[in-house]
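Novice: Sequence isn't available, so here's the structure alone:
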Ligand SMILES: [Zn+2]
């Protein structure tokens, strides 16, 4: 370490051009990160346009001026195109991130969530992980590439949305009304993927997100003619509903394996010993081994990996203490595995609930989308950029149980890949959406370097 640092110092001393450089790139990135974190881009505060103006100024100053700002509601999204010269043979690449952050209350945090701080080897503040580090990684990598004289062999398109954490309108509109501006061969999203290490330095691997489960909610509704509670009958809306929910709690959907979860399990099986590792190897050997899938699903680290999961989340019912209930209703939230149609889940839920209960869809987010194929060019670019810094660290394909902006992009046939270059200490730094969000200082700069290498590789 020390030796290589000294060699760099020697190289710098021998290169007057580098010494004359006006700003140290690390200083520049830190200074911009501070400004980006300190703009509180929470839903309802109307601050996203100010952040877009800040970033647009930086891009324009480097000659990247093909920028479109799209207001929607109180927020906005931005699209930038860096065109390749001539007639490029390859279709564009789309780079994605989101500018908004989840609300954070000053009184709950150790320090002000919207004052950027460096402390104990970390950068602290709301959004330092989700997703402003990603915004900086994409922004700084484009600025570095532009300054270095890099010429893209295909168009690079950037899409920064303004409401990923809430409505997802930016990405939904990009995939529909603004499609001609963002159309691409594939998308790289900074909002998922990324690496994990334990506190004692053991590498858990870098995730490459290729799939997301589909979000749907359903109402289980029981209706009854009701009556006086002094004259109870066997038929009762609350009892009918509770019996249906008891059946739901025992129900298990059919296990499904796809290319992403197969690749994930192949890597995880190398790390796991004991019963869990055995079950992983058994399921990989035989997809019909439901017992092996059940053992994996029962492990707290792997919940949701093997199948669709549905769970009761809310209850309502009855209208008076002294009346038989005329209505009882539960909300059941489902995370549907890619490849399974939401209509089929609704039909299966109706079967479980039985004839006394009506099951209807109550909420949806995005379409059901297939897992994006593990394209060798993307997998190799990410693997090489990561392993150049962390030799031998496994790259593990991932399916998210939650949804990001990628869901709308995959739905129109553009494969999308979560390839965050940041890493965190697990579980200590898992604070996205939570309190005292922070990113290791070194991870912040590694993220920029990993994106720079990936883009050089995929767009060069
Ligand atoms: Zn996010």
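Specialist: Nice, thanks for sending it over. The shown structure was predicted, so the numbers you read here are calculated from the model rather than taken from an experiment. Numbering: from 1, shown residues only.

Novice: secondary structure element for residue 68?
Specialist: In the assignment (DSSP states H and E), residue 68 maps to strand 67-72.

Novice: Burial check on the nearest residue to residue 335 once chain neighbours are set aside, number of neighbours?
Specialist: Distances taken as C-beta to C-beta, 6 or more residues apart in numbering place residue 213 nearest to residue 335, at 4.1 Å, with adjacent residues excluded. No exception for glycine: its C-beta is placed from N, CA and C like everyone else's. Residue neighbour count, defined by other C-beta atoms under 10 Å, stands at 24 for residue 213.

Novice: contacting residues for residue 395?
Specialist: Taking C-beta atoms under 8 Å, 6 or more residues apart in numbering as the criterion, residue 395 is in contact with 205, 206, 208, 267, 379, 382, 383, 386, 387.

Novice: Give the helix, strand or coil label for the second one.
Specialist: Residue 206 carries the three-state label strand when classified by DSSP: H, G, I helix; E, B strand; the rest coil.

Novice: for residue 156, phi and psi?
Specialist: Residue 156 adopts backbone torsions of phi -110, psi 120, taken as degrees, to the nearest 10.

Novice: Tell me how far residue 74 lies from residue 53.
Specialist: From residue 74 across to residue 53, the span is 15 Å (C-beta to C-beta, to the nearest Å).

Novice: filter the contacts of residue 395 to the buried ones?
Specialist: Among the contacts of residue 395, those buried by neighbour count (16 or more other C-beta atoms under 10 Å) are 205, 206, 208, 267, 379, 382, 383, 386.

Novice: re the thing from before, wait, the residue nearest to residue 335 sits on residue 400?
Specialist: Yes - with contacts counted by C-beta atoms under 8 Å, residue 213 reaches residue 400, the gap being 6.9 Å.

Novice: Centroid-nearest residue for this protein?
Specialist: Central residue of the chain (C-alpha atoms, centre = their mean): residue 192, 3.8 Å from the mean position.

Novice: if I've got this straight, that residue is in a strand?
Specialist: Yes - remark: residue 192 belongs to a strand, assigned using three-state DSSP.

Novice: Let me see the contact set for it.
Specialist: By C-beta under 8 Å, 6+ apart, the residues touching residue 192 are 207, 209, 398, 400, 404, 406, 418, 420.

Novice: show me where the stretch 301-450 of the chain has strands.
Specialist: Using DSSP state E, counting those that start in this stretch, the strands of the stretch 301-450 of the chain run over 309-317, 323-324, 327-336, 357-365, 395-400, 416-425, 438-440.

Novice: go on, the stretch 101-250 of the chain?
Specialist: With strands called from DSSP E, counting those that start in this stretch, the stretch 101-250 of the chain shows them at 117-119, 122-124, 156-161, 186-197, 203-212, 214-223, 227-228.

Novice: The last one packs against which elements?
Specialist: With contacts defined as 3 or more C-beta pairs under 8 Å, 6 or more residues apart in numbering; DSSP states H and E, the secondary structure elements packing on strand 227-228 are strand 323-324.

Novice: tell me what the strand it packs on is packed against?
Specialist: Strand 323-324 sits against strand 227-228, with contacts defined as 3+ C-beta pairs under 8 Å, 6+ apart.

Novice: Quickly run through the sheet partners of the strand it packs on, with directions.
Specialist: For strand 227-228, the pairing partners within the sheet under DSSP bridges are strand 323-324 (antiparallel).

Novice: Quick check: mean pLDDT of the strand it pairs with?
Specialist: In this model, strand 323-324 has an average pLDDT of 98.

Novice: And for stretch 103-110?
Specialist: The average pLDDT for stretch 103-110 rounds to 95.

Novice: Likewise for stretch 78-91?
Specialist: Stretch 78-91 shows a mean pLDDT of 97.

Novice: Please renumber the chain so that the first residue is 23 from this point on.
Specialist: Noted, 23 is the first residue going forward, which turns the last one into stretch 100-113.

Novice: Give me the contact list for it.
Specialist: Among residues not part of stretch 100-113, those counted as contacts by C-beta under 8 Å, 6+ apart are 74, 77-78, 81, 86, 88-92, 114, 121, 164, 168, 173-182, 196, 200, 203-207, 481.

Novice: Only the buried residues of that stretch, if you could.
Specialist: Using 16+ other C-beta under 10 Å as the test for burial, stretch 100-113 gives 100, 101, 102, 103, 104, 106.

Novice: what does stretch 411-422 give?
Specialist: Across stretch 411-422, burial judged by 16+ other C-beta under 10 Å covers 412, 415, 416, 417, 418, 419, 420, 421, 422.

Novice: With stretch 215-228 instead?
Specialist: Buried residues in stretch 215-228, defined by neighbour count with 16+ other C-beta under 10 Å: 215, 216, 217, 218, 219, 225, 226, 227, 228.

Novice: Check stretch 432-441 too.
Specialist: Neighbour-count burial for stretch 432-441, counted by 16+ other C-beta under 10 Å, picks out 432, 433, 436, 437, 438, 439, 440, 441.

Novice: The longest helix along the chain to strand 225-234, inter-axis angle?
Specialist: Ranked by residue count, the top helix of the chain under DSSP state H comes out as helix 463-481. Orientation check (axes from the mean of the first three to the mean of the last three C-alpha atoms, to 10 degrees): helix 463-481 against strand 225-234 gives 50 degrees.

Novice: the inter-axis angle of helix 463-481 versus strand 178-183?
Specialist: Interaxial angle, helix 463-481 versus strand 178-183 (the same axes, to 10 degrees): 130 degrees.

Novice: Now do helix 463-481, average pLDDT.
Specialist: On average, helix 463-481 scores 98.

Novice: the inter-axis angle of that helix versus strand 208-219?
Specialist: Calculated by the same axes, to 10 degrees, helix 463-481 forms an angle of 150 degrees with strand 208-219.

Novice: From the chain's centroid, how far away is helix 463-481?
Specialist: Using C-alpha atoms, centre = their mean, to the nearest Å, the distance from the centre of helix 463-481 to the centre of the chain it belongs to is 18 Å.

Novice: Tell me which residues of that helix come out buried.
Specialist: Under the neighbour-count criterion of 16+ other C-beta under 10 Å, helix 463-481 has 463, 465-478, 480-481 buried.

Novice: Spell out which parts of the stretch 173-322 of the chain neighbour the ion.
Specialist: Contacts of the stretch 173-322 of the chain with the ion, taken as C-beta under 5 Å from the ion, map to residue 213.

Novice: Can you list the low-confidence ranges for the stretch 173-322 of the chain?
Specialist: In the predicted model, the stretch 173-322 of the chain carries no residue with pLDDT under 70.

Novice: Could you pull out the helices in it for me?
Specialist: Using DSSP state H, counting those that start in this stretch, the helices of the stretch 173-322 of the chain run over 191-196, 201-204, 259-272, 281-293, 296-307, 312-320.

Novice: and among these, the most buried is which?
Specialist: By mean neighbour count, with neighbours taken as mean count of other C-beta atoms under 10 Å, helix 191-196 ranks first of these at a mean of 24.

Novice: Report the beta-bridge partners for residue 356.
Specialist: According to DSSP bridges, the residues that bridge with residue 356 are residue 238, residue 332.
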